[in-house]
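> would you be able to build a 3D model of this:
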Amino acid sequence: MTDRLYENMLNADRKPFSKRLGRKSVHISESSIDFARDGLDDAIWIKEDDTYILREDVKKKILAVLEKYSDIPLLEIAKEIRIVGSLATNQYLDTADLDIHIVPKNPDDWSEKSIKLLMDWFNDHRDEIDGFVEKHPTEVYIQLNPNQDFMSDGCYSVLEDKWMVGPKIVPTSTDPYDDFSHIADIVRGSVKDADDLFAELKRDIIDYDTIKVAMEKMSGEDKQRLLQKLQDKLKELESGIEELYKERGEWVSARHNASKPATPEQALKDVELAKNWKDVNATFKFINRYQYLRTINNLEELLADEKISSDEVPIIKNIMGMR
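Here you go, the predicted model:
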């Protein structure tokens, strides 16, 4: 990626924080924890004989959305464009993301930071570029490990109009909570530290509000003394959010490290690797379902200037669902 294009990405207009609440901070594809439907979503696919093909209007929409990104000509730098994730299976939600993976011709041009900037741009501008297919938001991701897509339950080549893997069709009697009951303890263990940190954060907010109310009835030295306590509580809030962000980073790293096939053959045939990926991915999806990732990401956005100010405390309370 040229320096000029990268600078354009860095300096792109950003929406106010209030407009970015709840957006994704990491790429999350794959389903398997959702209940099954009768078939693939007919808003995306057309059933043909015993398989499915991408609707032509959906293909045009995907390419049109990618062309809206003016800083980098995505269609020119793409070696492949793929659909992966839940919408390549019959385990999907009505509002599931349409996960679009771009395999770049020159992967060395991309870093994790530049990929995140691109993802953020599509998330921030989705409404103005009409980045939806029916109720499905398009989620654009640069795939630097193309073999990883072959571990998906479904992987469709948009440019070649063919399935590379799948599609996965499971019986409608499938119960994901039964299928993944063995990881319930893993999920609980994974979020235990975060639960403790959230509880401490709530206590700090309550202490902050209590001190602030008390200050309103004081003057002189007593007020000055409590002012210092108030500042100390803000620092504790900063520290708590930083610790939560570290927890989030550990979840993301565990998921990334669980799926690094060296070849397409390994991705398709290594049973142990596939099982490990399925379990780690499901754990990550449940953590996301329970709103940990979104909540932590929204809190972390407040630390963009490396500190929490008094006027941001009500925002923290709102993010955490406190009155």
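> output the below-cut-off pLDDT ranges for the stretch 1-150 of the chain.
1-31 (pLDDT under 70).
> need the helices for it, in chain order.
Defined through DSSP state H, counting those that start in this stretch, the helices belonging to the stretch 1-150 of the chain, from first to last, are 3-10, 17-20, 56-67, 74-77, 112-124.
> got the angle for the longest one vs helix 56-67?
Put plainly, it is helix 112-124. Computed with axes from the mean of the first three to the mean of the last three C-alpha atoms, to 10 degrees, the direction of helix 112-124 lies at 120 degrees from that of helix 56-67.
> now for helix 112-124, which elements pack on it?
Other helices and strands packing on helix 112-124, by 3 or more C-beta pairs under 8 Å, 6 or more residues apart in numbering; DSSP states H and E, are helix 3-10, helix 17-20, strand 136-142. Using the backbone N, CA and C atoms, a C-beta is placed for each residue, glycine as well.
> identify each buried residue in it, please.
Neighbour counts using 16 or more other C-beta atoms under 10 Å place Ser114, Ile115, Lys116, Leu117, Leu118, Met119, Asp120, Trp121, Phe122, Asn123, Asp124 of helix 112-124 among the buried residues.
> if we can go back for a sec, looking at the helices of the stretch 1-150 of the chain, which is nearest to Ile206?
When the helices of the stretch 1-150 of the chain are ranked by proximity to Ile206, the top entry is helix 17-20, at 23.3 Å, counting by C-beta to C-beta.
> surely Glu247 and Lys192 touch.
No: under the criterion of C-beta atoms under 8 Å, Glu247 is not in contact with Lys192, lying 9.8 Å apart.
> higher neighbour count, these two?
Taking Glu247 and Lys192 together and counting by other C-beta atoms under 10 Å, Glu247 has the greater number of neighbours (21 against 11).
> residue contacts, that one?
For Glu247, the set of contacting residues under the criterion of C-beta atoms under 8 Å, 6 or more residues apart in numbering consists of Asp193, Ala194, Leu197, Ile296.
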